[in-house]
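Asks: how would this look folded up:
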Amino acid sequence: MTLPLILLALLIALLLGALFHILRGGSGWRLLLYLVSSVLGFALGQGLSTWLGWRLLTFGALDVGAGLIGSFIFLMLGDWLSRIENKNENRV
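Replies: Here you go, the predicted structure:
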């Protein structure tokens, strides 16, 4: 992959993470979580599609479709894990 395709992939993943943050809300830490999980999911989706030979919405060597699916899965997983509350009850 070339540098312009890597930058395009980062741009798409970061935009998806920011859009997810706008829809779900939260603090700055949650925005950072969404951005990082979106980039990791996009990279994993891209790598998985390259490894398995799948093609879905390709743009040159970049498989945008698989990247978006991976990004969305990681965003949902990160959001779910960040909303788990610790129910620590102190019993006397």
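Asks: what about the strands in the protein?
Replies: Per DSSP state E, the chain carries strands over the ranges 58-59, 62-63.
Asks: looking at those, which is buried most?
Replies: The highest average neighbour count among the strands of the chain, using mean count of other CB atoms under 10 Å, belongs to strand 62-63 at a mean of 23. C-beta: built from backbone N, CA, C; applies to glycine.
Asks: quick check: the residue nearest the centre of the chain vs Gly60, distance?
Replies: Nearest residue to the geometric centre of the chain (CA atoms, centre = their mean): Ser38, 1.7 Å. Per CB to CB, to the nearest Å, Ser38 is found 21 Å from Gly60.
Asks: longest helix of this protein, counting residues only.
Replies: In the chain, taking DSSP state H as the definition, the longest helix is helix 28-52.
Asks: pLDDT on that one, on average?
Replies: Average pLDDT, helix 28-52: 93.
Asks: mind listing what the residue nearest to the centre of the chain touches?
Replies: Ser38 makes contact with Ala13, Leu14, Leu16, Gly17, Phe20, Ser71, Phe74, Leu75, according to CB atoms under 8 Å, 6 or more residues apart in numbering.
Asks: repeat that for Gln46.
Replies: With contact taken as CB under 8 Å, 6+ apart, Gln46 is in contact with Ala9, Leu62, Asp63, Ala66, Gly67, Gly70.
Asks: recalculate using a threshold of 7 Å.
Replies: Neighbour list for Gln46: Ala9, Leu62, Asp63, Ala66, Gly67 [criterion: CB atoms under 7 Å, 6 or more residues apart in numbering].
Asks: and for Ser82?
Replies: Ser82 touches Arg30, Leu33, counting by CB under 7 Å, 6+ apart.
Asks: Arg24 and Gly78 touch, don't they?
Replies: No: between Arg24 and Gly78 there is no contact under CB atoms under 7 Å: 10.2 Å.
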